[in-house]
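# Just need the structure, nothing else, for what follows:
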Amino acid sequence: MRGCVVVAVAVLAACFVVPGGLRAQDGGADRDAEARKLFEAASLQFESERYESALGLFQAAHEMSGRAPLLYNIALCHERLGQVDEARRVYRQYLDTAPDGELRAKVEGQLKSLDALSRRLERERLRAEEALVEARRRAEAAASEQAAATAAAAEQRRREAAQAASERAAAAQKTEAVATPGEAAASAVSQPGPSLQPLQTPSAAPVARSAGGSRWWIWASVGVAVVAGGVTAAVLLAGDGGPGEPGEPATAESVFVITAFGGEL
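Residues are numbered from 1 along each chain as shown. Below is the predicted model of the structure:
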């Protein structure tokens, strides 16, 4: 592409050489001189790959001089800046302005190259869009899979927690069922039952009283025996003598009283 600029420079140099009579007659000597200075400065900027600055200088030179070859250099600057559509427009402008110009063949060649470049760029753009769509699809699929995996893990944890709770409840019920009979037995033992009363059987008088008491029952038995004996004796004696006679024995009651109190300790 640098050769293209050299060609344009050579063509422009020739264009800027105008016969003196024409310059004087045209009265544009000063404008041509200024346009040439702009052209030279733009060429230096282009060689230094400062395409934005070169583009501005070439455009200024073209506005000042109106020379068609400057359009070629302007189109080249657009190409370097990646402005393909604008470069194509300026190349066509050149063909319209100078259809028989010395740069026609090169301009047509540049237009073909730009068309091929445009097709290539379009293919790359489409591939980039397809790749972007595919990347988005994969990202969405991955996110969906991740969400499904997270939900499945959460559901698994929920089921495991529910199963563990059910097992604990069943174990607690079994423990309660095993402990209930033992607790009932322990409760029955701890509760007082009906009191058992000693069997009452008739018996003789107690053999002895508590320590320190008198043995009154012995003397009572002796008294009963004596009373019985006294009654018997009274009956026998009553058969021998009449009542009211001297020496008449005492009555049974008197004998009992005397004997009972006589024998008291």
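# so what does the longest helix along the chain touch, helix or strand wise?
Ranked by number of residues, the top helix in the chain under DSSP state H is helix 104-190. Contacting helix 104-190 under the criterion 3 or more C-beta pairs under 8 Å, 6 or more residues apart in numbering; DSSP states H and E are the following elements: helix 2-16, helix 69-80, helix 84-97. Just so you know, the C-beta spots here come from the backbone N, C-alpha and C atoms, and that holds for glycine as well.
# Thought residue 81 was touching residue 52, still the case?
Yes - in this structure, residue 52 sits in contact with residue 81. The criterion is C-beta atoms under 8 Å, and the distance is 6.6 Å.
# Compare these two (neighbour count), which wins?
residue 81 (14 against 10; other C-beta atoms under 10 Å).
# From residue 53, how far out is the more buried one?
Residue 81 sits 11 Å away from residue 53, taking C-beta to C-beta, to the nearest Å as the criterion.
# for residue 135, same thing?
Remark: distance between residue 135 and residue 53 (C-beta to C-beta) = 38 Å.
# These two: which is more packed in?
In terms of neighbours (other C-beta under 10 Å), residue 53 is the more surrounded of residue 135 and residue 53; the figures are 15 against 10.
# got the contact list for that one?
Residues in contact with residue 53 (C-beta atoms under 8 Å, 6 or more residues apart in numbering) are 42, 45.
# so is it in a helix, a strand, or just coil?
helix (DSSP: H, G, I helix; E, B strand; the rest coil).
# confidence score at it?
Turning to residue 53, the model gives it a pLDDT of 96.
# same question, residue 73
If you check residue 73, the pLDDT there is 96.
# wait, it sits on residue 40?
No - in terms of C-beta under 8 Å, residue 73 does not count as a neighbour of residue 40; the distance is 11.8 Å.
# Which of these two has more residues huddled nearby?
Summary of the neighbour comparison: residue 73 and residue 40, criterion other C-beta under 10 Å, with residue 73 having more neighbours (28 against 16).
# Tell me the spacing between the more buried one and residue 117.
19 Å.
# any idea how far the residue nearest to residue 98 when sequence neighbours are not counted lies from residue 162?
Closest residue to residue 98 in three dimensions, ignoring its sequence neighbours and counting by C-beta to C-beta, 6 or more residues apart in numbering: residue 68, at 4.0 Å. In this structure, residue 68 and residue 162 are 87 Å apart, going by C-beta to C-beta.
# Of these two, which one has the most company?
When residue 68 is set against residue 162 and neighbours are counted by other C-beta under 10 Å, the residue ahead is residue 68, at 22 against 10.
# pLDDT score assigned to residue 242?
If you check residue 242, the pLDDT there is 47.
# Same check on the one 10 residues further on?
We have a pLDDT of 45 for residue 252.
# Make residue 1 into 15 and carry on from there
With the count now opening at 15, the last piece we talked about shows up as residue 266.
# start to end distance for stretch 113-122?
End-to-end distance for stretch 113-122, by C-alpha to C-alpha, to the nearest Å: 11 Å.
# Okay, buried residues for it please.
Within stretch 113-122, the residues that count as buried by 16 or more other C-beta atoms under 10 Å are 115-117, 120-121.
# Could you export those as TSV, including distance to residue 190 and pLDDT?
Formatted as TSV, the entries for the buried residues of stretch 113-122 read as follows, by distance: C-beta to C-beta, whole Å; pLDDT from 0 to 100:
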residue	distance to residue 190	pLDDT
115	109	89
116	111	92
117	106	93
120	103	93
121	101	95
